[in-house]
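> Predicted structure and sequence below. I'll ask about it afterward.
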Amino acid sequence: MNRLFAAVLISLVLAGCATQPETPPPPVPAGTLCDSGTATIDDSFIGARRGACTMLGPTAFELSIVREDDAVRNPSPWYAFRVTSDEAVSITLDYGDWKHRYVPKLSRDGSSFELVPDAWVSQADENSLSLNIPAGSNQLLISAQQLLTPEDYEVWLRRLAERTEASLTIAGRSVADLPVYKVESGAEQSELIFMTGRQHPPEVSGAVAMMAFLNTVYGDSDLARQFRERFHLVSLPLMNPDGVIAGHWRHNLGQTDLNRDWGPFTQPETRIVKDLLDEFDDDGKSVEAFVDFHSTGENLVYLQAEPTDPEGFSAIWLARAQKRLRTTEGLDYAFDTEPRPSSETANGKNYMYKRYGIPSVTYEVGDETTDHDATVAAAIFAEEFMRLALERL
C-alpha cells in the first residue's frame, strides 16, 4: 500500500489545514544535533525521540533508542529524527534490550509519510535496525510511525466542530498544562456513549481509526443524524498530548501508563475522566457503551467475557462489522476478537465495565495496518455500532 495515498486519506481526515489551531503550539522540545560536517541528524521537533548519537564516521551514525523512564515495560521503541546529507548515510538504531517493533517511515515534507524502501533496511538482529540512505536524499524525516501531533488534532477537531453541531471544549489539562480536548454533542440526551484515544503516544494507527470513526459518527448520513439525535456523545481523542510531543513509548510526563490509572486516577489526564464520569452520574446520565482506541501488533478487539447490559452487544456489533469487512472491495482488514474476564488491571475497559456493566471494548489497530484500511474499516465499525445502538441500547 502506497503511504503517499494513505497521506491523502489522512489529509481528508484532518479536513483541511486551512483551519489553524487557536491554542498556540507547544514549544519545540530542546533537541540534540549530531553533525559530522558531511551529514547531520537532529531531533529538535515535536514528536521526536532518540537517545545518544554516536558518529562512527562522516556518514555513519549509531542512535541509541531509549525509553522515557525506567518504569516503561511495554516494548514500543519509538524513534523520529531528521537526516540531512547529500551523501549516502548509514544509521543504526540500537534498542538495547528492547525488540524492534515499528517498520520505519519517511517523509520529505514533514507531513506526508511512506514506508522506507525495503532496499534501505537491513536488520542485524531483533534489537537493532540499520538504514542505508542513498545519496541525493537531501533531507528526510525518519520515524517509527507518521507524526500526528496535538496541533494536527486541534486542526481536525475545530474543523469537525465547525461543520457539525458538536462542541469542542477543554476538558482539563495535562501534566505540562496542555489542553485535553473534549468533543461533545447531544448534551440534552440521557443516554451517553463515551470514547477515548491516544493514551499511548506511539499508537498512531489507532488514532487514525478513531478519527475516521468520529468523522463517520458526525457525518451527514441519515444513520449518523439519527444516532446523534438520540445519544449524548462524549469523546477525548488525545488523552496524552505531553507524551506525543515528547516522543514517549508509553507514559505521560508523570511516568505513568494512563491506561493503567483508571481507578487510582493519580494523573491529571485520568482525573479528567473521573470528573466527567462523576458529572455524568450526578446529571442522571445513563452511560451505555465505551470504546477506547489503541494500536498493537494486529487488528484486535478486546471485549467482556462476562454478560453486559445489553447482553451480547459487542459480539453482535463485531460480527456485523466482520461480515461487511470481508465483502468490501479493496479492503484488507481481518481482525480477531478476544473476550476477557474482568480483572484488577486498571485500564479503561475494565473500569468502565465494573462501574456500569456496559459493553466496554478496546479497539486495537495493527501497527502496520495501512491508513486506507484503518480508515475504511473504522467507518464500517462506526456504521454498524450506530445501527445496533439504535436497535438495542
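That came through fine.

> switch to C-alpha atoms for all contacts and neighbour counts from now on
Noted.

> residues touching the closest residue to Arg50 other than its chain neighbours, list them.
In space, Arg50 comes closest to Ile65 once its chain neighbours are excluded; the distance is 4.7 Å by CA to CA, 6 or more residues apart in numbering. For Ile65, the contacting residues are Arg49, Arg50, Gly51, Ala52, Pro77, Trp78, Tyr79, Leu93, Asp94, Tyr95, Gly96, by CA atoms under 8 Å, 6 or more residues apart in numbering.

> Recalculate using a threshold of 10 Å.
49-53, 77-80, 92-96, 98, 128 (CA atoms under 10 Å, 6 or more residues apart in numbering).

> In strands only, show me the residues you listed.
Per DSSP state E, strands hold the following members of the contacts of Ile65: Cys53, Ala80, Thr92, Leu93, Asp94, Ser128.

> Point out the least confident member of these, please.
Least confident entry in the ones in strands among the contacts of Ile65, by pLDDT: Cys53, with 92.

> Now for that residue: which residues touch it?
By CA under 10 Å, 6+ apart, the contact set of Cys53 is 32-35, 41-42, 61-65, 91-93.

> can you rerun that using 8 Å?
Cys34, Phe61, Glu62, Leu63, Ser64.

> partners of the first one in the sheet?
Beta-bridge pairing of Cys34 under DSSP bridges involves Ile41.

> got a pLDDT number for it?
So Cys34 comes in at 92 (pLDDT).

> Check which helix or strand Gln322 maps to.
helix 313-326 (DSSP states H and E).

> For that helix, what is the distance to the chain centroid?
Here the centre of helix 313-326 is set off from its chain's centre by 22 Å, with CA atoms, centre = their mean, to the nearest Å.

> Can you pull out the residues in contact with that helix?
Outside helix 313-326, the residues touching it (CA under 8 Å, 6+ apart) are 303, 331, 333-335, 359-361, 377, 380-381, 384-385, 388, 392.

> Just the buried residues from the residues you listed, in ChimeraX please.
Buried residues within these, by 16 or more other CA atoms under 10 Å, are selected in ChimeraX with:
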select :303,333,359,360,361,377,380,381,384,385,388
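
> Return the subset of the contacts of helix 313-326 lying in strands.
Secondary structure from DSSP E places Leu303, Ser360, Val361 of the contacts of helix 313-326 in strands.

> Tell me the one of the residues you listed nearest Arg108?
Within the ones in strands among the contacts of helix 313-326, proximity to Arg108 (CA to CA) peaks at Val361, which comes in at 36.9 Å.

> Which residues are in contact with that closest one?
The neighbours of Val361, taking CA under 8 Å, 6+ apart as the test, are Phe290, Val291, Asp292, Val301, Tyr302, Leu303, Gln304, Ser314, Lys349.

> Report pLDDT for the fourth one.
Reported pLDDT at Val301 in the predicted model: 98.

> Partner strands of whatever helix or strand Val234 lives in and their direction?
In this assignment (DSSP H and E), Val234 forms part of strand 232-236. In the sheet containing strand 232-236, its partner strands are strand 179-185 (antiparallel), strand 191-197 (parallel), by DSSP bridges.

> Those: which one's closest to Tyr102?
Taking these one by one with CA to CA, strand 191-197 is closest: 19.6 Å.

> Format the CA atom coordinates belonging to the closest one as PDB.
Extracted in PDB, the C-alpha atoms of strand 191-197 (Å, rounded to 0.1, in the frame of the first residue of the first chain):
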ATOM      1  CA  GLU A 191     -28.200   8.000  27.100                       C
ATOM      2  CA  LEU A 192     -24.500   8.500  26.700                       C
ATOM      3  CA  ILE A 193     -21.700   7.000  24.600                       C
ATOM      4  CA  PHE A 194     -18.100   7.600  25.800                       C
ATOM      5  CA  MET A 195     -14.900   7.200  23.700                       C
ATOM      6  CA  THR A 196     -11.200   7.800  24.400                       C
ATOM      7  CA  GLY A 197      -8.000   7.600  22.400                       C
END
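
> right, and the helix or strand after that strand?
That would be, after strand 191-197 and using DSSP H and E, helix 204-217.

> and the closest residue to Asn240 other than its chain neighbours, what is it in contact with?
In space, and not counting its chain neighbours, Asn240 is closest to Gln199: 5.2 Å by CA to CA, 6+ apart. By CA under 8 Å, 6+ apart, Gln199 lies in contact with Leu238, Met239, Asn240, Asp257, Leu258, Asn259, His294.

> how about a cut-off of 6 Å?
Gln199 makes contacts with Met239, Asn240, Leu258, as judged by CA atoms under 6 Å, 6 or more residues apart in numbering.

> For the lengthiest helix in the chain, what is the distance to the chain centroid?
Criterion DSSP state H: the longest helix present in the chain is helix 371-392. Relative to the chain's own centre, helix 371-392 is displaced by 17 Å; criterion: CA atoms, centre = their mean.

> And that helix, what does it pack against?
helix 204-217 (3 or more CA pairs under 6 Å, 6 or more residues apart in numbering; DSSP states H and E).

> So which elements touch the helix it packs on?
Judged by 3+ CA pairs under 6 Å, 6+ apart, the packing partners of helix 204-217 are strand 286-296, helix 371-392.

> redo that, cut-off 7 Å
strand 286-296, strand 360-366, helix 371-392 (3 or more CA pairs under 7 Å, 6 or more residues apart in numbering; DSSP states H and E).
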